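J.: generate a structure from the sequence data that follows.
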Amino acid sequence: MPVDPTHSSPSALKPDQYTRLRAEAKAPYRGLRKVIYATAGASGAIGALIMVTRLIAGAEVGPILPNLGIQLAVLLGVVLLFRLESRS
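T.: Purely as a prediction, here's the structure:
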């Protein structure tokens, strides 16, 4: 029976390629998820920075504190998700 050259065995791959493919098979789209976490974290950090500067500038505190809390919660969530993603 002829061997199909498009289907290679693990022994035909370089060791580093095989390792990367196994890691991708175990956790698909890990790199994409990390990019999404980084962009959400950047958004939360920018939002928190804006809220803090508004507080420093002397704007009314009442409407700013809930928004600052949301931005800080986003940052905390992103950090936790990124750490969980990095551990596995």
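J.: show me the strands in the protein, by range?
T.: Using DSSP state E, no strands are found in the chain.
J.: so which residues of it form helices?
T.: Using DSSP state H, the helices found in the chain span residues 15-26, 30-57, 61-87.
J.: where in the chain is pLDDT low?
T.: The chain contains residues with pLDDT under 70 at 1-11, 88.
J.: at 90 instead, please
T.: The model of the chain has pLDDT under 90 over residues 1-31, 58-59, 85-88.
J.: surely Gln71 meets Arg54?
T.: No - in this structure, Gln71 is not within contact of Arg54 by Cβ atoms under 8 Å, at 11.5 Å. C-beta coordinates here come from the backbone N, C-alpha and C atoms, glycine included.
J.: neighbour count: those two, which is higher?
T.: Gln71 (20 against 16; other Cβ atoms under 10 Å).
J.: tell me the contacts of that one?
T.: Gly44, Ala45, Gly47, Ala48, Met51 (Cβ atoms under 8 Å, 6 or more residues apart in numbering).
J.: what about it, distance to Ile64?
T.: Using Cβ to Cβ, to the nearest Å, one obtains 10 Å as the distance from Gln71 to Ile64.
J.: got any residues that touch both of those two?
T.: With Cβ under 8 Å, 6+ apart as the test, Gln71 and Ile64 both reach Met51.
J.: could the contacts of Gln71 go into JSON lines alongside distance to Arg20 and neighbour count?
T.: Listed next are the contacts of Gln71 as JSON lines, based on distance: Cβ to Cβ, whole Å; neighbours: other Cβ atoms under 10 Å:
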{"residue": "Gly44", "distance to Arg20": "31", "neighbour count": "20"}
{"residue": "Ala45", "distance to Arg20": "31", "neighbour count": "15"}
{"residue": "Gly47", "distance to Arg20": "35", "neighbour count": "17"}
{"residue": "Ala48", "distance to Arg20": "36", "neighbour count": "19"}
{"residue": "Met51", "distance to Arg20": "41", "neighbour count": "21"}
